[in-house]
Every structure is written in C-alpha cells, then in structure tokens.
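A.B. asks: sharing a model that was predicted from the sequence below.
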Amino acid sequence: MNTELIVHIVISLLSLSGLIVYYRAFTLGYKMHNRQRVVRADIPEKLYYLSSYPAFMWYILPFISQPRMCGVYDWIEGELTTYNVVYVLATISIFIFFFCIWGKKSVSKNAEATKGTFYAPSRLLTDGIYARVQHPMVIGDILGHFALILFSGGVYTCILFPIYVFIDICMIRIQVKYSLEPYFASELKEYRKRTPALLDRRLTMILLLMIVLLISNVIISGRAI
C-alpha cells in the first residue's frame, strides 16, 4: 500500500472521531436543558463548534497528493481540452452554489430557531428551505464536498468519500434524537410525511448530474492512461 493512500485512509478514519464530539455536545446539551446534569453552559456549545473539524479535514483531503482524474490540476499543468473546461466550470459552479448560496440560506434559517441553544431549538423549522428537505444543511454539505472532490479530480478522496457521507448521516440521527424528537415529536411526524429527508426532485437532478460527471471523467481519464 502506498504512502498517499495510507495518509488518506488515516485522515478519513480520524475524521470519524468528530462523531464522538458531536454526540457529546448534544447529549450534554440535552441533559443540561432537562436538568439531568449540571455542566458549564458554554461546554456543549464549544463541543458543537469543535465537532465541525471533519468538514475542514475533508476540504483539505482533495488537494493532498494522490492519483488524479481530469480536474483543475490539468489547468494548472496547462492541459486544456473542451471536456476539461466544461467539467471544471460545472463542478466549481456546483461547489460555489452549495457552499455560498445554499449554505447561507440554510445556516441563516437554522439560526432563527437555534439562536439561544443549538440543542433545544425554539421551533421546528418547516418553512423556507426547510420546506424542500428536512436537513438542508447536511445535504448542502455532502453535495458541496462531493463537488469539490470532482473539481480536484482526487481519486483516493473520491473512493473514501462514503466515510464522510456516513459521518453526516450519523450527525442527523444524533441531532434528531436529542434536539428534535424530545420537543417536537408530533410535529416532526407530520413534517416527515410531507418532506423528503435529503433529496427533493431538483437536488436529485443535481446529484445525478454529478454522478454523470464522475462516470464520464473515469471513462475519459481511463482512455488517457
């Protein structure tokens, strides 16, 4: 096994530790809110923000040395083709959309209900971007990272990406169990009936486009070898 792959595997597995921090943040917040445990008021919040480090790790991973398909590194090396130009512009556009536009909408909406405490929202969000999907911040994070991986053309990061998806899915389960179900059980049940968890029709189309870009890249990169 080569060094580059080992580095990717180690960093990917280390990113899983963020789940422990995230779980601790929500369980402490839940117990403190329900007076089951006395802790410093700022500890759950600090743990919550600390648990974002897996996202930063996965922003760095695509640019660590590894084998590459077509992507922005071809531009850096001066290798421009029609396919590569279209591919890079498409993937960076998707990344900018989810990181800047979608991310801003979902985070600002989430802040409306969690301004006081992230672990005990003031209301169940069901309007705006939350009327499209139940977890817009998570699906935006997943698709944004996926677009960045496609943009970079990183082979190892792409192969290991399901680990990051697993982290995000687990975070949803933790959040729902400790900050939504205890306070909005009946509302949440109705909300789930009418709203998809992660993918509505338009987001599904974007995901399918990204999969097509990936498959086409694999085919074209394979021919170039």
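C.D. replies: Yep, it's here. Numbers count the residues shown, from 1 in each chain.

A.B. asks: all contacts plus neighbour counts: C-alpha atoms, from now on.
C.D. replies: OK.

A.B. asks: where does this structure have low pLDDT?
C.D. replies: 1, 36-41, 116, 223-225 (pLDDT under 70).

A.B. asks: sec struct for residue 86, please.
C.D. replies: Here residue 86 is helix, with the state taken from DSSP: H, G, I helix; E, B strand; the rest coil.

A.B. asks: can you show me the CA trace of the helix ranked longest in the chain as PDB?
C.D. replies: Secondary structure of the chain per DSSP state H: the longest helix is helix 201-224. In PDB, the C-alpha atoms belonging to helix 201-224 read as follows (Å, rounded to 0.1, in the frame of the first residue of the first chain):
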ATOM      1  CA  ARG A 201     -36.500  16.400  -7.300                       C
ATOM      2  CA  ARG A 202     -34.200  19.300  -8.100                       C
ATOM      3  CA  LEU A 203     -31.500  18.100  -5.700                       C
ATOM      4  CA  THR A 204     -31.800  14.600  -7.100                       C
ATOM      5  CA  MET A 205     -31.200  16.000 -10.600                       C
ATOM      6  CA  ILE A 206     -28.100  17.900  -9.400                       C
ATOM      7  CA  LEU A 207     -26.800  14.700  -7.800                       C
ATOM      8  CA  LEU A 208     -27.400  12.700 -11.000                       C
ATOM      9  CA  LEU A 209     -25.500  15.400 -13.000                       C
ATOM     10  CA  MET A 210     -22.600  15.000 -10.600                       C
ATOM     11  CA  ILE A 211     -22.700  11.200 -11.000                       C
ATOM     12  CA  VAL A 212     -22.700  11.600 -14.800                       C
ATOM     13  CA  LEU A 213     -19.700  13.900 -14.500                       C
ATOM     14  CA  LEU A 214     -17.900  11.400 -12.300                       C
ATOM     15  CA  ILE A 215     -18.600   8.500 -14.700                       C
ATOM     16  CA  SER A 216     -17.600  10.500 -17.800                       C
ATOM     17  CA  ASN A 217     -14.400  11.600 -16.000                       C
ATOM     18  CA  VAL A 218     -13.500   8.000 -15.100                       C
ATOM     19  CA  ILE A 219     -14.000   6.900 -18.700                       C
ATOM     20  CA  ILE A 220     -12.100   9.800 -20.300                       C
ATOM     21  CA  SER A 221      -9.300   9.600 -17.700                       C
ATOM     22  CA  GLY A 222      -9.000   5.800 -18.300                       C
ATOM     23  CA  ARG A 223      -8.600   6.400 -22.000                       C
ATOM     24  CA  ALA A 224      -5.800   8.800 -21.400                       C
END
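
A.B. asks: buried ones in that helix?
C.D. replies: Buried residues in helix 201-224, counted by 16 or more other Cα atoms under 10 Å: 203, 207, 210, 213-214, 217-218.

A.B. asks: closest to residue 160 among these?
C.D. replies: residue 214 (14.3 Å; Cα to Cα).

A.B. asks: tell me the contacts of residue 192?
C.D. replies: residue 134 (Cα atoms under 8 Å, 6 or more residues apart in numbering).

A.B. asks: name the helix or strand for it, please.
C.D. replies: When elements are assigned from DSSP states H and E, residue 192 belongs to helix 181-194.

A.B. asks: list the buried residues of that helix.
C.D. replies: 183, 188, 191.

A.B. asks: what's the distance between residue 70 and residue 218?
C.D. replies: 8 Å (Cα to Cα, to the nearest Å).

A.B. asks: what do you get for residue 4?
C.D. replies: For residue 4, the distance to residue 218 - Cα to Cα - is 20 Å.
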